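Undergrad: Any chance you could fold what I've pasted below:
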Amino acid sequence: MHVYVMAPDAQHWSALEAVAEVCGDLQVHALLEKDEVVHVESLDARALLAKAEAELATAARVDAIVAQWDFPTTLLVPLLCRARGLPSPSVEAVIRCSHKYWSRLAQRESIPELTPEFELVDPFAEGAAEAVQLKFPFWLKPVKGFSSMLGFRIDGRPDLVEALAAIREDVARIGDPFDELLEEAAVDPKLRSVSGSECIAEGYLSGIEVAHEGYVQNGEVHFHGSLEMVRERELFTRLLWPALVPDSVLERMADASTRFLKHIGYDDGCFNAEYFWNRETDELKIIEVNPRISQSHVPLAMLRDGMSNHQVAIDVSLGRRPTFEPGGGEVRLAAKFYERVPLEKGRVTRVPSPSELDALRADFPTATIVMGVEEGDELSELVDQAPHSSTLFELYLGAADERELLAEHARLLSAFPLEVDGADVIARLIGNARRA
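TA: Numbers count the residues shown, from 1 in each chain. A predicted model of the protein is given here:
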């Protein structure tokens, strides 16, 4: 069996090779390169689709195609599968997940009690700031984006005016390619009636951010992992796998995700769904549903479950029953730490050498270190950063419990050599970790 995975990097290849070894009859291939589809400054969606088609045309056999990144791969994969009759969610169902406005409408129809108030906002319309009726504070973001890109907390009318100006300047970077692929897909004109460059204003939510990852096969919804997303000052600081919340919360999430996914006809694919749970009021609200496994969860699953969540995605794409078994790994709790500093400018003057990274990995056997910068990088030129901060690297660790995990994290940071403009920025990261 020949499976094509969209844009795997070196970190993913070891996980994919492990999946292939378990399956025995499986060969995994890369489709497109990571630097063609991830954090790309200028994205030509039609050219990417054509290149992917050309690569597959030379293959002797294509049994499945798997998505692991956000847009554009989440739309490219169902388009490529549709052309070949391969198992995949429909293009329309993917749009109803990934287009924030259409997704909110479907949520309001299927799980109204969990759906926040929202409004469609055209950032280019005259008087756009005055037209929004939601009560402050609220979130404003493009209907098509990812991570925290162009997402703003709006506390008053001046914030709204400033955010709309910033969105107008950069929203077409993702909005235009998204519209191009919708046109290429020839979907219902209604689904193309709201441009990818429009925005959605959503009622402000608070609490603990919790997600679960799962899949739909033959119309039945299944779950294989949960995740707690810890925020500090509106930014993610770490992800915990599994989530440290009551089982009753996860059960309510499962019920809601199932109702939503069946409502939009999502089938033969993976997903991850995010919620806010307020511990004090027990209120649960849905944030979004992403039509894919997450590449960020791969090292977490490897540590805690002993196998990659790619196993689920590949099995589903081949029409097989997934063999993923949670809890079989070497640790009870895994985490991804986002090592961010509140700096938008500055030149990186030192990063760990290969031998220093090897030494860190030897001292911290569960650690996976993913550098986000290189020596000489200017922070202001990094792509897809959260507002008012820069991500220097990402760190995966595993431990028996959260106390041990945070202690290992602090110990590793103390040994990590990294400088911006000659200054040791690790002290800032350690300070952030202590406050968290």
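
Undergrad: what ranges of this protein fall below the confidence cut-off?
TA: 146-148, 233-235, 387, 431-436 (pLDDT under 70).

Undergrad: Can you tell me which residue sits nearest the middle of it?
TA: For the chain, the residue nearest the mean C-alpha position is Ser294 (5.7 Å; CA atoms, centre = their mean).

Undergrad: Correct me if wrong: that one contacts Thr73.
TA: No. Ser294 is beyond contact range of Thr73, at 11.7 Å (criterion: CB atoms under 8 Å). C-beta here means a position set from N, CA and C on the backbone, and glycine is covered the same way.

Undergrad: ok so, going back, contacting residues for the residue nearest to the centre of the chain?
TA: Contacts here follow CB atoms under 8 Å, 6 or more residues apart in numbering; on that basis Ser294 touches Gln68, Glu213, Asn272, Asn309.

Undergrad: Look up how far Arg428 lies from the third one.
TA: Distance, Asn272 to Arg428, by CB to CB, to the nearest Å: 30 Å.

Undergrad: Of the two, give the one with the bigger neighbour count.
TA: The neighbour comparison of Asn272 against Arg428 (other CB atoms under 10 Å) goes to Asn272, with 23 against 17.

Undergrad: now the end-to-end length of stretch 413-430.
TA: End-to-end span of stretch 413-430 (CA to CA, to the nearest Å): 7 Å.

Undergrad: Could you give the separation of that stretch from the chain centroid?
TA: Chain-centre distance of stretch 413-430: 27 Å, with CA atoms, centre = their mean, to the nearest Å.

Undergrad: can you check stretch 113-129 too?
TA: Computed by CA atoms, centre = their mean, the chain-centroid distance of stretch 113-129 equals 23 Å.

Undergrad: Show the end-to-end separation of it, please.
TA: OK, stretch 113-129 end separation, CA to CA: 28 Å.

Undergrad: quick one: buried residues of it?
TA: Leu114, Thr115, Pro116, Phe118, Glu119, Val121, Pro123, Ala128, Ala129 (16 or more other CB atoms under 10 Å).

Undergrad: and if you look at stretch 324-341?
TA: Under the neighbour-count criterion of 16+ other CB under 10 Å, stretch 324-341 has 324, 326, 329, 331-341 buried.

Undergrad: Strands - which of those land there?
TA: The strands in this structure, assigned by DSSP state E, contain Leu333, Ala334, Ala335, Lys336, Phe337, Tyr338, Glu339, Arg340, Val341 from the buried residues of stretch 324-341.

Undergrad: Could you dump those into JSON lines with distance to Glu408 added?
TA: Formatted as JSON lines, those follow (distance: CB to CB, whole Å):
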{"residue": "Leu333", "distance to Glu408": "11"}
{"residue": "Ala334", "distance to Glu408": "12"}
{"residue": "Ala335", "distance to Glu408": "9"}
{"residue": "Lys336", "distance to Glu408": "13"}
{"residue": "Phe337", "distance to Glu408": "10"}
{"residue": "Tyr338", "distance to Glu408": "16"}
{"residue": "Glu339", "distance to Glu408": "14"}
{"residue": "Arg340", "distance to Glu408": "19"}
{"residue": "Val341", "distance to Glu408": "21"}
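
Undergrad: now stretch 394-407, how far from the chain's geometric center?
TA: Worked out by CA atoms, centre = their mean, stretch 394-407 lies 21 Å from the chain centre.

Undergrad: Contacts only, for the spatially closest residue to Arg108 that is not a sequence neighbour.
TA: Leaving aside its sequence neighbours, Arg108 sits nearest to Thr115 (CB to CB, 6 or more residues apart in numbering; 4.8 Å). Contact analysis of Thr115 by CB under 8 Å, 6+ apart lists Arg104, Gln107, Arg108, Lys285, Ile286.
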